[in-house]
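Chemist: need a 3D model of the sequence below.
(2 chains)
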Number of protein chains: 2
Amino acid sequence: MPPFEIAVLTTGDELLSGDLADTNTGVIAEILGRQGYRLRCSLSVPDKEKEIEAALRYLSAHAQAVIVTGGLGSTVDDLTARAAARALGRSLVINEEALEMIKNWFAQRNRTMEPNNERQALLPQHAIPLPNSLGTAPGFWIKERDCELFFLPGVPNEMQAMFAETVLPLLQSRHPGSGPRRQRSYKFFGLPEPKIDQLIPYQQFPAGIEVAFALEYPLVVVKLKVGGEGAEFRLDQAEALLLKDLGEQLVARDGETPEGNLGQLLTSAGLTLALAESCTGGLIASLLTSQPGASRFLERGAVTYADSAKLDWLQVPLPIIRQHGAVSEPCAKAMAEGLLRVANTDLALSVTGIAGPDGGTQEKPVGTVFIALASKEGTHVKAYRFNGDRQKVQRMTAFMALEWLRRFACSHLRG
Amino acid sequence: MPPFEIAVLTTGDELLSGDLADTNTGVIAEILGRQGYRLRCSLSVPDKEKEIEAALRYLSAHAQAVIVTGGLGSTVDDLTARAAARALGRSLVINEEALEMIKNWFAQRNRTMEPNNERQALLPQHAIPLPNSLGTAPGFWIKERDCELFFLPGVPNEMQAMFAETVLPLLQSRHPGSGPRRQRSYKFFGLPEPKIDQLIPYQQFPAGIEVAFALEYPLVVVKLKVGGEGAEFRLDQAEALLLKDLGEQLVARDGETPEGNLGQLLTSAGLTLALAESCTGGLIASLLTSQPGASRFLERGAVTYADSAKLDWLQVPLPIIRQHGAVSEPCAKAMAEGLLRVANTDLALSVTGIAGPDGGTQEKPVGTVFIALASKEGTHVKAYRFNGDRQKVQRMTAFMALEWLRRFACSHLRG
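Modeler: Coordinates of the predicted model:
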């Protein structure tokens, strides 16, 4: 049996004007991929009846299922049902079941149904309406000889809920795919993508393991996917091989973030933290506090742009700034050590550097960054030279600082 | 003459697996839109010769120009030239001019050309190679009866450079569009999209003005577009009408950000600033310091999670925290006033609140936020209740704080 082929059609002028990126295709592709289906193609057309009709003719001739999003609303721009009727040679009729769904939607919310909303019950003959719990527009489903067409609203949360709750189960009951595919993702910090690619032992992986990359600067995300019998076992094997050389660089897995993991790590290690940021300007604190529960380990943070703040809040001795400058190893060290005393935490981390675009010198070009970490055991301090624009230097510095903290907390927990 | 119709075809397995979002279509759509062209449709297919061939047949029959990206590399997955030859019924031949381009690319970099790279000169007969200054793969151009096809690499920066430098001028010389379209964008803060939509005087706009929306939470972006004679004049008129009711909410225009504008405003007003952040955890400082030149106005910032930091760095009196709690109007006021004294700046802004998901009470639910702004003229403080998850509460709080500062700086400059 040839593979079951699915196509996606997204409709909307904004998708073809560069104003809005289509996210529906990616969401559908991701969900289908996890269930062992593959997309044959995806097509986007403007809100024009003739374009939608032509696209439906092409796709229904080339795929066994077509998922269509958009154009089911109540305005004159919403032309998908009409285009579908024409493409399939059916009349457009009031679908009583769909009308009932719309009436109920308004009744349950004590809202008045506008005459416009009745248009949303005009569907191609013999279409089967699909309930929409989040909006007024029902979807619909049409079986046409060798192809089934599913029509969903374009609003992402409505589309996603209906696809997952209704369309996917229908597809699965009628056309079992190759079965759910298992997927795991790994976020690495500290190596560029080509280097990570080199370190992946592709040849040793069990049969059927697929590898995909994504980039969340400065993290590199590697995904392993596999379907069929023993998928979890094969993923276990592949994971062990992947992490043999790359385990040290692993900072997060599926659904995790390095900052979230670090928060949990510090919390379980019972370590408290204070931050002193110069060139990152609060980015490290902001990353850590974007996660719930940050108050369990983060005592305080300082964004010390002016020297006065370094002298005052961090008790950096003035001669150090005078002699070495605020962007220097001695200053980074003094910031962390001063902060440790002031905040009375287990750890105090400081960063000072030149994020650019201005402020670089021959001796200390843009990208020069000093990181220091003070604890009762002493202070580590190191100079870096990062590449890229201001935003890249700031992000790289922040994630390097998180990495210092992760390593400290790990070794603290180990012993 | 019917409008000149352009289609985009993007190729790549990763576009249909949900692993990578297609950005090439959006970039091409944006550039074409600014030049007065419209995309008729965009299609994505996997790296399969038959799929690419079918897509090329369909698109070349439905559009007068087709822009294809991807599949021009040197590996076995790169099948676009072969698929194009089949779709157009031409043979695949070594294109001497393309081969020369590839050889030169390696020679100029003193690198050795691999035998694989020769494959990149295998093009459909009579194709005209297009130079690629950033990579080894030349693009190519095929004139086929009623359609012209342009083939570009999928790597975004190579694609974008070749599209702008070569393809667009070719299109323009052969098929003048409706002429460049002018576009302006306006970022508004403080009103939701439906409310802004209601306040736009569509009926009064000059002929041909198009309006598009985008959302950069919590900002709403409105774009005005128009082509033809007197475009700038009509945009001036539309802008005046748009800003009559919405001028107060305007925080940034094309290419600007509210945080960047605020920085310039504070700098020209000669105002210095200190920040004390609790629930935003450094986000406000991070936004302001993501812009170059922040050291001109930002003296320091504090992320005061623990009470000890509020007492110590901000000199908040302990009885205030004991009596009212750290999330309270008196505490916000004391934070800002204490910070003003400590940092000796013109302005001191503080935020304290409950970003969630935990920590809410009946009296102070999640989303409760107090903002205070202290200056020599006195202290303003106000309570808010924002909706949404932790990230939304944090972002809304940060942008509201920026808004307070913008209004202060504006009235300071005015008077």
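Chemist: if the residue of the stretch 101-250 of chain A found nearest chain B is in a bridge, with which residues?
Modeler: Nearest residue of the stretch 101-250 of chain A to chain B, counting by C-beta to the nearest C-beta: A:Ala212, 4.3 Å away. All C-beta atoms are positioned from the backbone trio N, CA, C, and that covers glycine. Using DSSP bridges, the bridge partners assigned to A:Ala212 are A:Lys223.
Chemist: what's near enough to touch it?
Modeler: Residues counted as contacts of A:Ala212 (C-beta atoms under 8 Å, 6 or more residues apart in numbering or on different chains) are A:Val222, A:Lys223, A:Lys225, B:Glu14, B:Ser17, B:Asp19, B:Leu20.
Chemist: stretch A:341-352 vs chain B: in contact?
Modeler: Yes. Counting by C-beta under 8 Å from any C-beta of the partner chain, chain B has neighbours in stretch A:341-352: A:Val342, A:Ala343, A:Asn344.
Chemist: go on, stretch A:297-309?
Modeler: Yes. Stretch A:297-309 reaches chain B (C-beta under 8 Å from any C-beta) through A:Leu298, A:Glu299, A:Arg300, A:Gly301, A:Ala302, A:Val303, A:Thr304, A:Tyr305, A:Ala306, A:Ser308, A:Ala309.
Chemist: among these, which pair sits farthest apart?
Modeler: A:Leu298 and A:Ser308 (23.8 Å; C-beta to C-beta).
Chemist: the stretch 151-300 of chain A against chain B: which residues are in contact?
Modeler: Residues of the stretch 151-300 of chain A lying near chain B (C-beta under 8 Å from any C-beta): A:212-214, A:223, A:275, A:277, A:280-286, A:288-290, A:292-295, A:298-300.
Chemist: so who does A:Leu287 touch?
Modeler: So A:Leu287 contacts A:Glu259, A:Ala398, A:Leu402 (C-beta under 8 Å, 6+ apart).
Chemist: could you break chain A into its assigned domains?
Modeler: Split into domains by automatic domain parsing, chain A comes to A:5-174, A:181-253, A:258-414.
Chemist: now mean pLDDT too, for the ones you listed, in a markdown table please.
Modeler: Shown next, in a markdown table, are the domains of chain A (pLDDT from 0 to 100):
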| stretch | mean pLDDT |
| --- | --- |
| domain A:5-174 | 92 |
| domain A:181-253 | 93 |
| domain A:258-414 | 96 |
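Chemist: which one of those lies closest to B:Leu123?
Modeler: Among the domains of chain A, domain A:5-174 sits nearest to B:Leu123 (C-beta to C-beta), with 23.9 Å.
Chemist: work out the gap between the closest one and the centre of the chain.
Modeler: The chain centroid and the centroid of domain A:5-174 are separated by 25 Å under C-alpha atoms, centre = their mean, to the nearest Å.
Chemist: if I pick A:Ala137, what's in contact with it?
Modeler: When contacts are taken as C-beta under 8 Å, 6+ apart, A:Ala137 is in contact with A:Leu72, A:Gly73, A:Ser74, A:Gln120, A:Pro153, A:Glu158.
Chemist: return a ChimeraX selection command for the buried portion of the residues you listed.
Modeler: Remark: buried members of the contacts of A:Ala137, expressed as a ChimeraX selection using 16 or more other C-beta atoms under 10 Å in any protein chain shown:
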select /A:72,73,74,120,153,158
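Chemist: for chain B, what is the nearest residue in the stretch 51-200 of chain A?
Modeler: A:Tyr58 (5.5 Å).
Chemist: doesn't that residue fall inside a helix?
Modeler: Yes. Checked against DSSP: H, G, I helix; E, B strand; the rest coil, A:Tyr58 lies within a helix.
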